[in-house]
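> Build me a structure from this.
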Amino acid sequence: MPQPSAAQPPRSAAVRPDELVLPVRARRPEALVRVLLGAALMAVVSLLAGTAHATMDGLDSDMAHGGDSVPPLLLAAARHAAALAPALLLAAFTAHALLRRRIRRIAAGAVAAVLAHGAGELMLLLVPQRPALPFVTAVFAFVTATGLARRPRWRAAAAAALAVYPFLALTSGDTRVLDLALAVLTGWTLGHGTRYALGSPTGRTTGQDLFDSLARSGLAPARAHRAAGGPAHDTRRRYLVGQHDGRPDLDVVVVDVQDRASGFVHQVWQRVRIRTAPRTRGLQPLRALLEREALLAYAARAAGVRTRSILATADLGPDAALTVYEHLDGRGLDELADDELTDGLLRAVWTQTALLHRRQIAHRALVAESLLVDGRGRVHLVGLEGGEIAAGELLLRIDIAQLLTTTALRVGPHRAVAAAAEVIGADRTATALPLLQPLALSRRTRAALKGLRKRPRPADTTPARRPVPDLLAQLREEILRTRPQAEAEPEKLERVRPRTLITLLGGAAAGYAFLLQLSSDDGNPLAVVAQARPGWVALGALASAASYLAATVGFAGFVPERLRLGRAGLAQVAGSFVNLVSPSGLGGLALNVRFLQCAGIPTPLALSSIGVTQAAGLILHTLLVVLFTWLASSTYDSPLPSGATLTSCFLVLAVLVAAVLALPVARRWLAVRLRPLLSDVLPRLLDLLRDPLKLTAGVVGQLLISLMSVACLYCCALAFGQHPDFAAVAVANLVGVAVGSAVPTPGGVGGVEAALAFALEKITGMPEGSAIAPVLLFRLLTFWLPVLPGWLAFVWLQRNKAI
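Numbering: from 1, shown residues only. So this is what the prediction gives:
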């Protein structure tokens, strides 16, 4: 085996005794947690204010009557004194802090107070005649942001000043309980938000403090250099420390509150989303982190794994701690040359991992930087601070999947799988097959895989036509070649998908909005239908039904292969049911793709057909908007731009596009992004051009989809005695439905109704409030009533294996 030469880690200038080794300010995760808690409590208080009217009115009345027994003159004097006390407290604390040169602390408090005072002024718009709210909000924000109440000398005075004034404001009737609670919570939340955004002050830890801490641990530090190395997932500060009397060098790792909070939000989200996410470090005390790191290091050494020996742990001031390791000269797997990555070295990597797993220890970060090779060619596992002791089988298999991917990125899937099978066995290697998925891998590995897919082949400069094969797919194929009977179904690691969460929240909001419509006398769709003229309602329903025929023709017209029109029509009807639980019509698109796949059309061609259909629909939709805008502006007094204005706008737009395309950089940028789309859509479009009749049918069908929707809305308006211009209704429909569908709720519920009602009133000139009834009827005919037929069509297509 070639012997890799030891490489010294990059060094910076020597650390001076008076040099700061930690940042003077750091973001603390506790502040962010308090911000989220404050926001939740504010929501609860707001909900109580909107529901518990009788209870809170009684409480406010009791508080106000409590001051009736106090003489008015005494009560007035007490109120003025209580109002002056917080101002004097803040002024005294500010002067004290400025004398001690705590300017940043006072600046943070001033920022929080200004923001809170603005929030209090906004509260006055909702709750008039409550002048105390901005003052209370600003005071609590300042006290929270500066940490005044946590200082022993000021704690008693702050408690008295902050408690007496709100109490007297309640007893005098200047404010209400919930208003005061909301003001206090707003100031508290904004104070902690300012602390998190600007950072909290930390102890001024210097190089001398670092040397003193090492000396108290029995070491003899002589010099220290900031090391630039370390695993990519490790953001902690690392120092290479030399000792007196020729003692071995030391690797010192410093962790402070800033490192502890690094990626806190991402860690929490991953913990909620993924079953196997690492533990959240952000809220763990520094001592707990040190104990965990030391325990993992000792457990790995006891398992016989080559890793750095831990020599000491120590505090480094109130906001930091350090861990001391023996210095290890070595290079990571990503730093080795290709000829140094021999099969023996790969087997050594797997041997060390097998020793770790034999004691049920999961590494959790087997990336290239965590695999160090020393000058004698021996492999050491480092970066164990995120590992797990007494790890479950799933975590151990994730380790195997991660190491397979890490080694395959350097030596390819064949050698990576062969080395693993030789050391841990082919059966054990095959257990990682269901976990060869991005979610099971580290962020650095996912980024490397993404970059690999984007890298063009040397012999072909058109990656859109010849993409680089998926490395994970190659690994799966290599494992199945050795163990064909292995379980290949990907294991479910997600507790909840982001899209599912959005859909559930949107569905809950949509259901709540629909129940409000049903319970409202004005918005009940059944009551709306009862008040509408039956003839126009029937014509609107007919237009809605005709839109499904148009959708069938438009869908089949852009598919060169021959389809069974009956089943294609049922697929369009079934789309109305699928869109009930998916935003922006995405469910209908997925259903059409599945229908084409079951009809025997390959997936790439099916996706291309849907892409052509959507592109044609977008172009025709835009042309209809322009056409009807021109017609509406020329037939009556409309707020829409005139034909001359539209022409001028198009000319200006054309000149801007031509000017941008004249730049080579813009052309290259556009070509890179359009090439994948055009490479899929253009061949399919050329196939359609061979059958002009079918292409014409597709274009006509897409046009009729929009026109039937316009006709339905127009009939709904006529059903309630409104007589708007047809072209204006068309503009309102085309624009309103497009804008409302962008709302990420199933079927655009809520967004479509609001956008359509607003567009009808502003574009057609309908009286304010009169557009709600036609819009509700329109949505009843086009969205809610087709759900039952859509479900029946969906079930029939499933039973007949058409989807």
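> Could you pull out the strands in the stretch 551-700 of the chain for me?
With DSSP state E, counting those that start in this stretch, there are no strands along the stretch 551-700 of the chain.
> residue ranges with poor pLDDT in it?
The model of the stretch 551-700 of the chain has pLDDT under 70 over residues 581-585, 635-652, 655, 673-682, 684.
> At which residues are the helices of the stretch 701-803 of the chain located?
Remark: helices assigned in the stretch 701-803 of the chain by DSSP state H, counting those that start in this stretch are 726-741, 751-764, 772-779, 787-799.
> Looking at those, which one is packed in the most?
helix 772-779 (a mean of 25; mean count of other CB atoms under 10 Å). The C-beta positions use only the backbone N, C-alpha and C, and glycine is treated the same way.
> Could you tell me how far that one lies from the centre of the chain?
With CA atoms, centre = their mean, to the nearest Å as the basis, helix 772-779 stands 34 Å off its chain's centre.
> quick one: which of the helices of the stretch 701-803 of the chain is nearest residue 288?
Distance to residue 288, taken as CB to CB, is lowest for helix 751-764 among these, at 46.5 Å.
> The closest one packs against which elements?
helix 692-719, helix 726-741, helix 772-779 (3 or more CB pairs under 8 Å, 6 or more residues apart in numbering; DSSP states H and E).
> how about those in a markdown table, adding distance to residue 250?
Shown next, in a markdown table, are the helices and strands packed on helix 751-764 (distance: least, CB to CB, whole Å):
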| stretch | distance to residue 250 |
| --- | --- |
| helix 692-719 | 72 |
| helix 726-741 | 62 |
| helix 772-779 | 71 |
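> Out of the ones you listed, which gets nearest to residue 430?
Here helix 726-741 is closest among the helices and strands packed on helix 751-764 (CB to CB), at 45.7 Å.
> all strands of the protein, in order?
11-14, 25-26, 200-201, 221-227, 237-243, 250-256, 310-315, 320-326, 331-332, 361-362, 371-373, 379-381, 388-389 (DSSP state E).
> Distance to residue 37 for those strands - can I get that in TSV?
Below are the strands of the chain laid out as TSV (distance: least, CB to CB, whole Å):
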stretch	distance to residue 37
strand 11-14	41
strand 25-26	20
strand 200-201	17
strand 221-227	37
strand 237-243	31
strand 250-256	24
strand 310-315	29
strand 320-326	26
strand 331-332	41
strand 361-362	32
strand 371-373	41
strand 379-381	39
strand 388-389	29
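> To residue 613, which of those strands lies closest?
Of the strands of the chain, nearest to residue 613 by CB to CB is strand 361-362, at 48.1 Å.
> so what strands line up beside the closest one?
Paired strands of strand 361-362, with direction, are strand 388-389 (antiparallel) (DSSP bridges).
> Contacts for the partner strand, please.
295, 296, 299, 360, 361, 362, 364, 395 (CB atoms under 8 Å, 6 or more residues apart in numbering).
> try it again with 6 Å
Strand 388-389 is contacted from outside by 299, 361, 362, 395, using CB atoms under 6 Å, 6 or more residues apart in numbering.
> follow-up on the earlier one: residue 659: which of the strands of the chain is closest?
strand 25-26 (46.3 Å).
> Distance from the closest one to the middle of the chain?
The answer for strand 25-26 is 25 Å, by CA atoms, centre = their mean.
> Work out the sheet partners of that strand and label each with its direction, please.
strand 200-201 (antiparallel).
> Let me see the mean pLDDT of the partner strand.
Taken as a whole, strand 200-201 has an average pLDDT of 77.
> before we move on, what about stretch 94-112?
Mean predicted confidence for stretch 94-112 is 86.
> same check, this time on stretch 302-312
91.
> now for it, what's the gap between its first and last residues?
17 Å (CA to CA, to the nearest Å).
> With stretch 764-772 instead?
The straight-line separation of the ends of stretch 764-772 (CA to CA) is 13 Å.
> what's next to it, contact-wise?
In contact with stretch 764-772 (CB under 6 Å, 6+ apart) are residues 722, 724, 728, 757, 760, 761.
> ok, so of the residues you listed, who is nearest residue 143?
So of the contacts of stretch 764-772, ranked by how close each gets to residue 143 (CB to CB), first place is residue 757, at 45.8 Å.
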